[in-house]
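Student: Return atomic coordinates for the entry below.
(chains A and B)
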Amino acid sequence: MLRLYDTIHGEVRDLVTRDPGRLSMYVCGPTVYDLPHLGHGRFTLVWDVARRWFTFRGLDVHFVSNITDIDDNIINRALREGTTESGVAQTYEDEWWAAMSLIGVARPDDVPHATQYVPEMVTLIESFLADDVAYVISDGVYFDTSRVSDYGLLAGQALDSLRAGARIEASEEKRSPLDFALWKFAKLGEPRWEAAFGAGRPGWHTECVVMSLGLLGNGFDLHCGGLDLKFPHHENERAQAVAAHRPFAQHWGHNGWVMVGDEKMSKSLGNFTSLTDLLARTDARAYRLLVIRSHYRSPIEVSPATIADAERALARLDSLARRFDLPALAGEMLVRQRDFDFTQQSEVLVHHVSELLDEDLNTPLAVAELFDAVSRANTLADQGKMTEARDLAVAVTVLFAALGLSVFSAVHASDDDDQLLVHARDQARSEGNWAEADRLRDELVTRGWIVEDSVEGTRIRRA
RNA sequence: GGCGGCGUGGCCGAGCGGUUAGGCAGGGGCCUGCAAAGCCCCGUACUCCGGUUCGAAUCCGGACGCCGCCUCCA
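Tutor: Numbering: from 1, shown residues only, chains lettered A, B, ... in the order given. Reported below is the predicted structural model:
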């Protein structure tokens, strides 16, 4: 049984699915008004890993993640740059998918865009107004949080204590500081959708509840996002579902922050690194390895040092693939356990790792187990037990692939001149002409290769 | 003010009462023509103070320090 920490209950619980064998999963996606940063990178990696693991274990996962393509930040950016909102959204959505592709995050099964769901949102807001769960003030339509008796469930706080701590908001018209905008009336020149209660645009919290329920239906299984969405975003989604008398997500997952030094990386602190920048100068797999080396609910430290550490660890995995000449797995492809035949020894490894990952996605322990298996595979190979060694190495790469980490021999295309040098070196070595062999190695190194000898002859890979 | 989390060896990072986490870096050795890759050995950590226990990094109490949420944020 797969188990996962649930935010509402505050404990690891069985991940019970609405339909046997099928998992419906919604992850709050980005608002596309800027380049993705490392925090986006982490949450997409964490839930991509979850999706992949659940899939590996045999679940038929329906994975939905939205794009918020209308929002104040988008409007502001369009104003500042003298372009259109849709232009801004398109630009940064393109950047988003480019980064996702580089980082190996598989495309969701459905990618709803907020602007495509406005009529459904209007209908929902109308029903709230009819039920007096929502009210209109000068700048928009607001949700009356006092109408949801268990408001604060996700935050683990009662309405009263939340209200006591709430800071003063700009609008004095709101019945409570906690009430949130369902709809913002359009000011002059702003994008607008017509509605009986006044032309405008939807609020963020309304978008996600409409899209998740719209695509996954009542009582879908799992709703995920970064820890900072727990409150108020997810709470407000939930409140709307409650007010609409629709069963909502049965299980909630939240991932931890990306830290810079001792501070959370965030837009408001301005201490963020764009994912796009990182990927331009680093093997994207290193970031995935860095992410899965710690638990998804823990904060992670991202710095040049921790990235470099992960890159070197990755090199160890790649050298295993190189040693056994293993094919690359993962990428867009989601691997499934049932598609592989494991030998008895490998089966033991798969079993151990599965136990760790099935229990709240304990990727750090799983990774430790896998690195341990790397050593064992190399030891077996050193002892000449190549068949056993290779079986274990294959299992390691399959399991990493199940986490979306593609392990491969990073041999990039070498041109004919390089190959001539390699052959010449093999020739020199077979003749015991060490001086010439060393000279040829130096030349290959100058050309940007790392040279390794093996029983099969000289092998080169990119430095 | 309310709620939650954290403090582990040079660094990252697990651990949920007793056993080697793992990675990276460092030292020694093996292998190798020399390297590289790989293998073996080594470090003996848990903020502090009490308590429970045969035994605590792990449970309880307290202190100190740090972080986050309650506002847009992944």
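Student: alpha carbons only for contacts and neighbour counts from here, please
Tutor: Fine.
Student: doesn't A:L129 make contact with A:Y142?
Tutor: No - the criterion here is C-alpha atoms under 8 Å, and A:Y142 misses it with A:L129 at 9.2 Å.
Student: Pull the contacting residues for whichever residue of chain A sits closest to RNA strand B.
Tutor: At 2.8 Å from RNA strand B, A:G226 is the closest residue in chain A, using C-alpha to the nearest atom of the strand. The contact partners of A:G226, taken as C-alpha atoms under 8 Å, 6 or more residues apart in numbering, are A:F43, A:H254, A:N255, A:G256, A:W257.
Student: give me the number of residues near the third one?
Tutor: Pointing back at A:N255 there. Each residue near A:N255 was counted by other C-alpha atoms under 10 Å, and the total is 23.
Student: same deal with the first one?
Tutor: Residues contacting A:F43 under the criterion other C-alpha under 10 Å number 25.
Student: per-residue pLDDT, the closest residue to it other than its chain neighbours?
Tutor: Excluding the flanking residues, the one nearest A:F43 by C-alpha to C-alpha, 6 or more residues apart in numbering is A:G226, at 6.1 Å. Reported pLDDT at A:G226 in the predicted model: 94.
Student: quick one: A:G226 from A:Q250, how far?
Tutor: 17 Å (C-alpha to C-alpha, to the nearest Å).
Student: List of residues touching the helix or strand of chain A with the lowest mean pLDDT?
Tutor: Ranking every helix and strand in chain A by mean pLDDT, DSSP states H and E puts strand A:263-264 at the bottom, with a mean of 76. With contact meaning C-alpha under 8 Å, 6+ apart, strand A:263-264 is reached by A:W257, A:V258.
Student: tell me the mean pLDDT for the helix or strand following that strand?
Tutor: Going down the chain from strand A:263-264, the next helix or strand is helix A:275-281, by DSSP states H and E. For helix A:275-281, mean pLDDT rounds to 91.
Student: ok, residues contacting helix A:275-281?
Tutor: Residues from elsewhere that reach helix A:275-281 (C-alpha under 8 Å, 6+ apart): A:L35, A:P36, A:H37, A:L38, A:H40, A:G41, A:E95, A:A99, A:L102, A:I103.
Student: want to throw the residues you listed into CSV with neighbour count, pLDDT and secondary structure?
Tutor: Output for those, formatted as CSV (neighbours: other C-alpha atoms under 10 Å; pLDDT from 0 to 100; DSSP: H, G, I helix; E, B strand; the rest coil):
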residue, neighbour count, pLDDT, secondary structure
A:L35, 19, 94, coil
A:P36, 24, 94, coil
A:H37, 21, 93, strand
A:L38, 23, 93, helix
A:H40, 21, 95, helix
A:G41, 22, 95, helix
A:E95, 18, 97, helix
A:A99, 24, 96, helix
A:L102, 16, 95, helix
A:I103, 24, 95, helix
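Student: Could you list which of those also contact RNA strand B?
Tutor: Residues of those in contact with RNA strand B (C-alpha under 7 Å from any atom of the strand): A:L38, A:H40.
Student: Can you lay out the contacts of helix A:275-281 as CSV showing distance to A:V394?
Tutor: As requested, the contacts of helix A:275-281 are exported to CSV (distance: C-alpha to C-alpha, whole Å):
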residue, distance to A:V394
A:L35, 37
A:P36, 34
A:H37, 34
A:L38, 31
A:H40, 31
A:G41, 28
A:E95, 34
A:A99, 28
A:L102, 24
A:I103, 23
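Student: Need the phi and psi values for A:A78.
Tutor: For A:A78, the backbone dihedrals (degrees, to the nearest 10) come out as phi -60, psi -40.
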